[in-house]
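Undergrad: output the structure for:
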Amino acid sequence: QVQLVESGGGLVNAGGSLRLSCAASAASGRIFSTMGWYRQAPGRQRELVAGISSGGVTNYADSVKGRFTISRDNAKNTMYLQMSSLEPEDTAVYYCNAAVLIPPSVIRTIYWGRGTQVTVSS
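TA: Got it, this is the predicted structure:
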């Protein structure tokens, strides 16, 4: 009923840029609330990279502040992550995450995409 599909990952040299996209789709009546990007590097726990509310309020991990920008187009149900000044430490699988509401309930259900690989070479 809810699908999140990431795209835009790839191999890039250190200092380069990539733009990730997350296309969200859901059955009628569902509302995408807070959305976010997470990443998981080999041998490490999944961590929040950036989040964005339905109203556009954003938050970032300290490690990406000033380098990454999260945005969303509510009309297209699409979220983006513009990544600049990439570092080898940014290498990970990046996952799209969304909290979905079905009014009138206030309970949010969390969904995940399958991830897209980002590799930054030194």
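
Undergrad: what helix or strand is the most centrally placed residue in the chain on?
TA: By Cα atoms, centre = their mean, the chain has its centre lying nearest to Trp37, at 2.5 Å. According to DSSP states H and E, Trp37 maps onto strand 31-40.

Undergrad: now do the nearest residue in space to Ser63 that is not next to it in sequence, the pLDDT please.
TA: Using Cβ to Cβ, 6 or more residues apart in numbering and skipping the chain neighbours, the partner closest in space to Ser63 is Glu89 (7.5 Å). All C-beta atoms are positioned from the backbone trio N, CA, C, and that covers glycine. Per-residue pLDDT puts Glu89 at 97.

Undergrad: for Gly16, same thing?
TA: Gly16 is assigned 98 on the pLDDT scale.

Undergrad: now do the helices in this protein.
TA: In the chain, no segments count as helices under DSSP state H.

Undergrad: and the pLDDT for Ser121?
TA: pLDDT for Ser121: 97.

Undergrad: contacts only, for it.
TA: By Cβ atoms under 8 Å, 6 or more residues apart in numbering, the contact list for Ser121 reads Leu11, Val12, Asn13, Ala14, Pro88.

Undergrad: excluding its backbone neighbours, what's nearest the residue nearest to the centre of the chain?
TA: Closest to Trp37 by Cβ to Cβ, 6+ apart is Val49, at 4.4 Å.

Undergrad: against Tyr94, how distant is the one you found?
TA: Note on Val49: its distance to Tyr94, by Cβ to Cβ, to the nearest Å, is 7 Å.

Undergrad: who touches both of these two?
TA: Joint contacts of Val49 and Tyr94 (Cβ under 8 Å, 6+ apart) are Trp37, Tyr38, Arg39, Leu81.

Undergrad: quick one: pLDDT of the last one?
TA: If I follow you right, that is Leu81. The model reports Leu81 with a pLDDT of 98.

Undergrad: before we move on, what about the first one?
TA: Reported pLDDT at Trp37 in the predicted model: 98.

Undergrad: perfect, I'm done here.
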